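Visitor: Have a look; sequence and predicted model below, questions after that.
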Amino acid sequence: MSDAPPFDPAAAHRWFSADCFNRVWTLLEKPDRTPDECERMISLAHASLAHWRERTDCTTRNLSIGYWQLSRVYAVLNQPAPARHYGELCLAVSAEEAPFFLGYAHEALARASRLAGEWAITQEHLTEARRCAASVSDPEERAALEADLAYLAV
């Protein structure tokens with residue numbers, strides 16, 4: 001008989017969803033990622049979302065954040081098609097979310113469209129994202145969204 005405690009799948013999903021998400025951020029912020037780190041970043045972003053989907057406390061907000069992170073990862077890696085795909089999923093689940101999350105869904109699609117050279121679509125999503133940003137009541141959240149939008153407007 002083993003003295004190991006019983007395995008708790010719920011606890012594992014809680015831990016892995018957060019750990020993978022945070023490890024993606026570490027890699028996103030790294031200026032000189034290796035090709036292996038880029039692949040690891042993709043895997044971790046998918047793993048984070050997969051573990052969130054297994055959690056009983058998963059909400060559309062959690063899905064919005066997970067899809068947004070996947071879109072950002074693919075955009076940073078200059079892969080507009082998957083960046084758009086996850087941006088569209090983000091937008092679909094964010095429709096009833098607070099303006100901050102809806103704004104970031106449009107930010108993701110603006111970023112993906114910009115990568116694809118689709119300037120009119122980029123502007124449409126930037127306009128919607130700015131409209132949402134104007135409704136964000138938390139000053140820190142609004143500043144973060146506006147900073148990302150300003151980067152895309154360049």
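Guide: Here it is on my side, so go on. Numbers count the residues shown, from 1 in each chain.

Visitor: Below-threshold pLDDT in the protein: ranges please.
Guide: Within the chain, the set of residues satisfying pLDDT under 70 comprises 1-2, 4, 154.

Visitor: Tell me which stretches of it form helices.
Guide: All helices of the chain, identified by DSSP state H, fall at 9-28, 35-54, 60-76, 80-94, 99-115, 119-134, 139-153.

Visitor: Out of these, which gets nearest to Asp3?
Guide: helix 9-28 (18.1 Å; C-beta to C-beta). To be clear about C-beta, it is placed using only N, CA and C from the backbone, and glycine gets the same treatment.

Visitor: What about Ala83, how many residues nearby?
Guide: Number of residues near Ala83 (other C-beta atoms under 10 Å) recorded here: 26.

Visitor: Check whether it really touches Ser71, as I assumed.
Guide: Yes - with contact defined as C-beta atoms under 8 Å, Ala83 reaches Ser71; the gap is 5.0 Å.

Visitor: Most tightly packed of the helices of the chain?
Guide: Mean neighbour count (mean count of other C-beta atoms under 10 Å) peaks for helix 99-115 among the helices of the chain, with a mean of 25.
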